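S.K.: okay, sequence plus prediction incoming.
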Amino acid sequence: GAVVSQHPSRVICKSGTSVKIECRSLDFQATTMFWYRQFPKKSLMLMATSNEGSKATYEQGVEKDKFLINHASLTLSTLTVTSAHPEDSSFYICSARHPQRGRIYNEQFFGPGTRLTVL
Amino acid sequence: AQTVTQSQPEMSVQEAETVTLSCTYDTSENNYYLFWYKQPPSRQMILVIRQEAYKQQNATENRFSVNFQKAAKSFSLKISDSQLGDTAMYFCAFTTGANSKLTFGKGITLSVRP
């Protein structure tokens, strides 16, 4: 159990277009999901915390108008990169807090990531 | 603010040998949780082991064990009988509770040599 999926696994888009990445908890309901960005050989950088039914909480320095997050249901959060530019190219990872294990240990389960390339 | 420090960027170990990855953290909290995550070349983050700060006993999961020194704020990971599949980046992570964020260290790249 505790599987998180992401779609697409990789996407290539043209500069100026928008790209949507989906994060789904497949076998549990997640009121809280997280979005991270990771550069090659670097650590995960938290971008925002996504809460079901409310606005996302963005980390300092992350443009909320550029990285739109919607957590419309207990199993789905989406990240939309608007007006993408080459510097937005990166690996984006989501995670979901498990309702039981998260309450006890704050355990998060991670999706497989999405590689975004902006040409 | 909480910080997690992994000072070794890379390590290499011979297959079947033992290796220890170091991690230190800083916090003023008394109750918190520590994790080691593995990220293989597939880039899927995998939880290796978890330690609750209130537990004095070091956590163990098969070939993986930790040396948790609360007073020294140290949380090292020992991998015994290293296998080629252990080749990955390893991240130490910290959180203070159920509604808190995970804070990650910079990670260490571990290579297991055949």
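M.R.: Thanks, I have the structure now.

S.K.: now the most centrally placed residue in chain B, which residues is it bridged with?
M.R.: Taking Cα atoms, centre = their mean, the centroid of chain B lies closest to B:W36, which sits 3.2 Å from it. Beta-bridge partners recorded for B:W36 (DSSP bridges): B:I49, B:C92.

S.K.: and B:T95, how far is that from B:A59?
M.R.: 15 Å (Cβ to Cβ, to the nearest Å). Any C-beta I mention is one placed from the backbone N, CA and C, and that applies to glycine too.

S.K.: hmm, I was thinking of A:H71
M.R.: Counting by Cβ to Cβ - A:H71 and B:A59 are separated by 32 Å.

S.K.: who has more neighbours out of the two?
M.R.: A:H71 (23 against 20; other Cβ atoms under 10 Å in any protein chain shown).

S.K.: could you verify that the more buried one is part of a helix?
M.R.: No - going by DSSP: H, G, I helix; E, B strand; the rest coil, the assignment for A:H71 is strand, not a helix.

S.K.: am I right that it is in contact with A:S50?
M.R.: Yes - A:H71 lies in contact with A:S50 (Cβ atoms under 8 Å); the separation is 4.2 Å.

S.K.: now the end-to-end length of stretch A:106-119.
M.R.: Taking Cα to Cα, to the nearest Å as the measure, stretch A:106-119 stretches 37 Å from start to finish.

S.K.: could you give the mean pLDDT of that stretch?
M.R.: When pLDDT is averaged along stretch A:106-119, the result is 93.

S.K.: likewise stretch B:42-49?
M.R.: On average, stretch B:42-49 scores 94.

S.K.: what does it rub up against?
M.R.: A:38, A:44, A:91, A:93, A:95, A:107, A:109-110, A:112-113, B:35-40, B:59-61, B:64-66, B:77, B:90-91 (Cβ atoms under 8 Å, 6 or more residues apart in numbering or on different chains).

S.K.: burial measure for B:E29, as a count.
M.R.: The burial count for B:E29: 12, using other Cβ under 10 Å.

S.K.: spatially nearest residue to it, not counting backbone neighbours?
M.R.: B:T96 (4.8 Å; Cβ to Cβ, 6 or more residues apart in numbering or on different chains).

S.K.: that neighbour contacts B:L34, correct?
M.R.: No - using Cβ under 8 Å, B:T96 is not in contact with B:L34, being 10.6 Å away.

S.K.: what residue in chain B comes nearest to chain A?
M.R.: Closest to chain A within chain B is B:M45: 3.8 Å, counting by Cβ to the nearest Cβ.

S.K.: which residue comes closest to that residue once chain neighbours are left out?
M.R.: A:F110 (3.8 Å).

S.K.: okay, and the beta partners of that neighbour?
M.R.: According to DSSP bridges, beta-bridge pairing links A:F110 with A:S95.

S.K.: all strands of chain B, in order?
M.R.: B:3-5, B:10-14, B:19-21, B:24-26, B:33-39, B:46-52, B:60-61, B:64-69, B:74-79, B:88-95, B:103-104, B:108-113 (DSSP state E).

S.K.: report the buried residues of the fourth one.
M.R.: Neighbour-count burial for strand B:24-26, with 16 or more other Cβ atoms under 10 Å in any protein chain shown as criterion, is recorded at B:T24, B:Y25.

S.K.: avg pLDDT for that strand?
M.R.: Strand B:24-26 comes out at a mean pLDDT of 96.

S.K.: now swap in the fifth one and tell me
M.R.: With pLDDT averaged residue by residue, strand B:33-39 scores 95.
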